[in-house]
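Undergrad: Fold the following for me, if possible:
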Amino acid sequence: MTALTMPAGAGAGRRARTGQLAGTWSLLRLALRRDRVVMPVWVIALGGSFSSVGQSIASLYDTAAQRAELAASMNGNNSVRAMYGPVFGDSVGGLVSWRMIAFGAALAAVMSLVVVVRHTREEEETGRQEMLFSAMVGRRAPLTAALLAALIANAALGLVIVAGMAGSGAGGAGAVALASAVAGVGALFACTAAIAAQFTESARLAKGLTAAVIGAAFVLKAAGDSATDDGSSVLTWLSPLGWAENTRPYADERWWVLLLIAGGAAVQCAVAYALTGRRDVGMSFLATRPGPVRGRISTAFGLAVRLQRGALLGWTVSFAAVGVVFGGLTGGAADLVGDNEKTREIFERMGGQSGLTDAFLASMVSVLGTVAALFIVSSVLRLHGEETAGRAEPVLAGGVGRTGWATGHLLIAFGGAAQIMTVGGLGLAVGYGHELPAVLAASLVQLPAVWLLGGVTVLLYGALPRAAAAGWALVGLCLALGWIGPALDLPQPVMDVSPFTHLPRLPGAAAMEWGPVVLLTAVAVVLVAGGLAALRRRDMLT
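TA: Next comes the predicted model:
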């Protein structure tokens, strides 16, 4: 009898561990239900892009000789290697892996951080987590449910990639290795986001910290790849994105590298679980510092600057660096394209018809513009975050009206977009070494489209605050159209959905077309005015 009886201490420990996971499946179902729209959009759009790029490469480089020439030229250019990594195989699948694996893994990481932070720190920040803990929910159940939701999203992404690559004629073991590397890195950064959520009291800061780690991983990979053409640099191996590319899909796959990715995820997951059991709900290991005894913020604009200055600084530095890198690539644009007329047509469709170098510059400033739209949407949605977290009410209870409070944040959003586009244009001109006025003008002409997307987000926030996050979907659509639309030769009515399509293609356009610029700016002004009017008339969220 004694041999069949579990010691009291062991039984209590097992019950405690089981109790800490109570309610996990219910929370997982809730998380999947809440993300039933956003998560499939992420998975299908990102996974489908691998197949789309495969089809484009197969049509652009339809012979083995052309693909081999492309691989050799890419490996010989350290700037291109910094962006995309080395080419390990010259098959269609190998070129898709070269073009997509680093960016795909980074975007999978972004998807994971959004899922994990939303269902952990964001729930605590809004007070919903404390309400759940009053029921039969274990201490570690929310974290477990969030990580499982991210794991499901990445597994689905992997399946879509495998199916898409097989559909484009590049299936087999290479497709499995490619999908496993991308999904594995996504899962790894889900655990990174889980750790960041333990250290901060703000969901926004947790997302920012995780995004900074992703950015640092890309910088390490880029620095390592620019130094060597075989992925062997120490800097490359310090980056999870470098691990992904070193799985070498379609080029004698290195399956053991996936164990490195899994090990990194397991270690971070263990750290996150240890941390979440050692803090109070709503608290963090990096406590928010109290403000000065005498306040120095006397206006709504000053408050907005204080809240958003860190993000604006980070975006400004990033645009300067990216602009310099893009500018450095411009001088060799003709060499990169070579004699392939189809590639030349793609660049001209993206950037105009007045010469390949000008077309390349125009396509690069278009990329900067669509990325700047992410900043303006994020900055506008800071209003929604302040409102839902209950921090707007104390401000509005004083002498600040709703319009004044919102205007402070909108000045940062719209003015900040102008600032980062200016810095990006200057960086592009410095990297290129020529045509500073023309390149800067080309960068600034993107602003009306950026402001229009910001105006749509303002209108959604003012009139339908619970649907304000749809601004992200609009930006994602514009990114997809700008990224793969020209390569897929989409019909013009589809391309016209993006406001960036209507802007003049500078530099290189025969004449400046002021009509679309003025019209898009006017529409943006109307949208902002409508959003502020709706904000004044609706009830604040509780």
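
Undergrad: tell me the pLDDT at the residue nearest to residue 458 when sequence neighbours are not counted?
TA: What sits nearest to residue 458 in space, not counting adjacent residues and going by C-beta to C-beta, 6 or more residues apart in numbering, is residue 531, at 3.5 Å. In this view, the C-beta of every residue, glycine as well, is placed from N, C-alpha and C. The score at residue 531 is 92. That number is its pLDDT.

Undergrad: So for the host helix or strand of residue 531, what gets flagged as buried?
TA: According to DSSP states H and E, residue 531 maps onto helix 514-537. Within helix 514-537, the residues that count as buried by 16 or more other C-beta atoms under 10 Å are 516-517, 520-521, 523-524, 527-528, 531-532, 534-535.

Undergrad: and what of stretch 236-246?
TA: 236-237, 239-246.

Undergrad: With stretch 43-58 instead?
TA: Residues of stretch 43-58 classed as buried: 43, 45-58 (neighbour count, 16+ other C-beta under 10 Å).

Undergrad: Which member of those residues is positioned nearest residue 68?
TA: residue 57 (12.9 Å; C-beta to C-beta).

Undergrad: what residues are up against the closest residue to that closest one other than its chain neighbours?
TA: In space, and not counting its chain neighbours, residue 57 is closest to residue 95: 5.0 Å by C-beta to C-beta, 6+ apart. By C-beta atoms under 8 Å, 6 or more residues apart in numbering, the contact list for residue 95 reads 57, 61, 67, 70-71, 87, 89.

Undergrad: Show me which pair in those is furthest apart.
TA: Among the contacts of residue 95, the pair separated by the greatest distance (C-beta to C-beta) is 61 and 89, at 13.1 Å.

Undergrad: mind saving the C-alpha coords of stretch 59-79 as PDB?
TA: Provided in PDB are the C-alpha atoms of stretch 59-79 (Å, rounded to 0.1, in the frame of the first residue of the first chain):
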ATOM      1  CA  SER A  59       8.600  33.500 -65.400                       C
ATOM      2  CA  LEU A  60      11.400  36.000 -65.100                       C
ATOM      3  CA  TYR A  61      14.300  33.500 -65.200                       C
ATOM      4  CA  ASP A  62      12.900  30.500 -67.100                       C
ATOM      5  CA  THR A  63      16.200  28.800 -67.900                       C
ATOM      6  CA  ALA A  64      18.800  27.300 -65.600                       C
ATOM      7  CA  ALA A  65      21.500  29.500 -67.200                       C
ATOM      8  CA  GLN A  66      19.600  32.700 -66.300                       C
ATOM      9  CA  ARG A  67      19.000  31.500 -62.700                       C
ATOM     10  CA  ALA A  68      22.700  30.600 -62.300                       C
ATOM     11  CA  GLU A  69      23.700  34.000 -63.600                       C
ATOM     12  CA  LEU A  70      21.300  35.700 -61.200                       C
ATOM     13  CA  ALA A  71      22.700  33.700 -58.300                       C
ATOM     14  CA  ALA A  72      26.200  34.600 -59.100                       C
ATOM     15  CA  SER A  73      25.500  38.300 -59.500                       C
ATOM     16  CA  MET A  74      23.600  38.400 -56.200                       C
ATOM     17  CA  ASN A  75      26.300  36.600 -54.300                       C
ATOM     18  CA  GLY A  76      28.900  39.000 -55.700                       C
ATOM     19  CA  ASN A  77      27.100  42.100 -54.300                       C
ATOM     20  CA  ASN A  78      27.600  42.600 -50.600                       C
ATOM     21  CA  SER A  79      24.800  45.100 -50.300                       C
END
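
Undergrad: in that stretch, what counts as buried?
TA: By 16+ other C-beta under 10 Å, the buried positions in stretch 59-79 come out as 60-61, 66-67, 69-71, 73-75, 77, 79.

Undergrad: So which one of these is the model least confident about?
TA: residue 79 (63).

Undergrad: and residue 189, what is it in contact with?
TA: Counting by C-beta under 8 Å, 6+ apart, the residues that residue 189 touches are 108-109, 112-113, 210, 213-214, 240.

Undergrad: cool, and residue 422?
TA: 440, 443-444.

Undergrad: For it, I want the exact helix or strand it lies within.
TA: helix 402-432.

Undergrad: Distance from that helix to the middle of the chain?
TA: 19 Å (C-alpha atoms, centre = their mean, to the nearest Å).

Undergrad: For the helix or strand following that helix, name the packing helices and strands.
TA: Sequence-wise, the next helix or strand downstream of helix 402-432 (DSSP H and E) is helix 436-444. For helix 436-444, the elements it packs on are helix 356-380, helix 402-432, judged by 3 or more C-beta pairs under 8 Å, 6 or more residues apart in numbering; DSSP states H and E.

Undergrad: For the first one, which helices and strands make contact with it?
TA: Under the contact definition 3+ C-beta pairs under 8 Å, 6+ apart, helix 356-380 sits against helix 300-330, helix 333-337, helix 341-351, helix 402-432, helix 436-444, helix 447-463, helix 470-488.

Undergrad: Quick one: mean pLDDT over the first one.
TA: Meaning helix 300-330. 80.

Undergrad: Report the inter-axis angle for that helix versus helix 402-432.
TA: Here the directions of helix 300-330 and helix 402-432 differ by 20 degrees (axes from the mean of the first three to the mean of the last three C-alpha atoms, to 10 degrees).

Undergrad: Next, the buried residues of helix 300-330.
TA: Buried residues in helix 300-330, counted by 16+ other C-beta under 10 Å: 300-301, 303-305, 307-308, 311-312, 314-316, 318-330.
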